[in-house]
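Enquirer: coords below, sequence missing:
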């Protein structure tokens, strides 16, 4: 098996081309569309996800690469749109965060169970995975000028039934409405 390399996140065809020509096989597309992402609100930086997927998929596929649509999916219809726009893979962080099979800390409040999940630019992610805001590359320049600011909320999602049941329902919905027997043919 040949190892694959992944790079990103980007939102333009030009950056996809540069990364693929530099050796990346798969590019993650999306800045700001995540369900808990606050980048657009805090920085004004971002790009509409569907537009980014269309542009980036075209660039990647022209060079034999692939893309992952990262963010913006809140329901099965969004997944369908991402695949229709050319995504090879779709990340479903917020859609699956509260399911039993998903990782994450379980918290109980008022007799209900919740799972904590967070964006990758949140304080929690920086502390857990990057040693704090000073070492997180995306925030390094802000930190050096004394303006450290995390981007990403840390909501709690109540625990849902197993994700395999949700996946089954979503697949049926997507395939049924598009007249296909499986997601691959779409």
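Expert: Right, received. Where do you want to start? Predicted model only: the values in this text are computed from it and were never measured.
Enquirer: would you map the helices across the protein?
Expert: Under the criterion DSSP state H, the chain contains helices at 13-21, 39-43, 49-62, 76-84, 93-96, 123-129, 140-144, 163-178.
Enquirer: okay, now the closest residue to residue 86 other than its chain neighbours: neighbour count?
Expert: Excluding the flanking residues, the one nearest residue 86 by Cβ to Cβ, 6 or more residues apart in numbering is residue 57, at 2.7 Å. Backbone N, C-alpha and C define where each C-beta goes, glycine included. Residue 57: 24 surrounding residues under other Cβ atoms under 10 Å.
Enquirer: residue 57 and residue 87 touch, don't they?
Expert: Yes - using Cβ atoms under 8 Å, residue 57 is in contact with residue 87, at 6.2 Å.
Enquirer: what is in contact with the two at once?
Expert: 29, 67 (Cβ atoms under 8 Å, 6 or more residues apart in numbering).
Enquirer: picking up where we left off before, mind pulling up the pLDDT for the residue nearest to residue 86?
Expert: Residue 57 is assigned 99 on the pLDDT scale.
Enquirer: residue 66 bridge partners, please.
Expert: residue 26 (DSSP bridges).
Enquirer: isn't it right up against residue 89?
Expert: Yes - with contact defined as Cβ under 8 Å, residue 66 and residue 89 form a contacting pair (7.1 Å).
Enquirer: and those two? Which one has more around it.
Expert: Neighbour tally, residue 66 and residue 89, criterion other Cβ under 10 Å: the higher count belongs to residue 66, 18 against 15.
Enquirer: what pLDDT does the more buried one get?
Expert: With respect to pLDDT, residue 66 has a value of 98.
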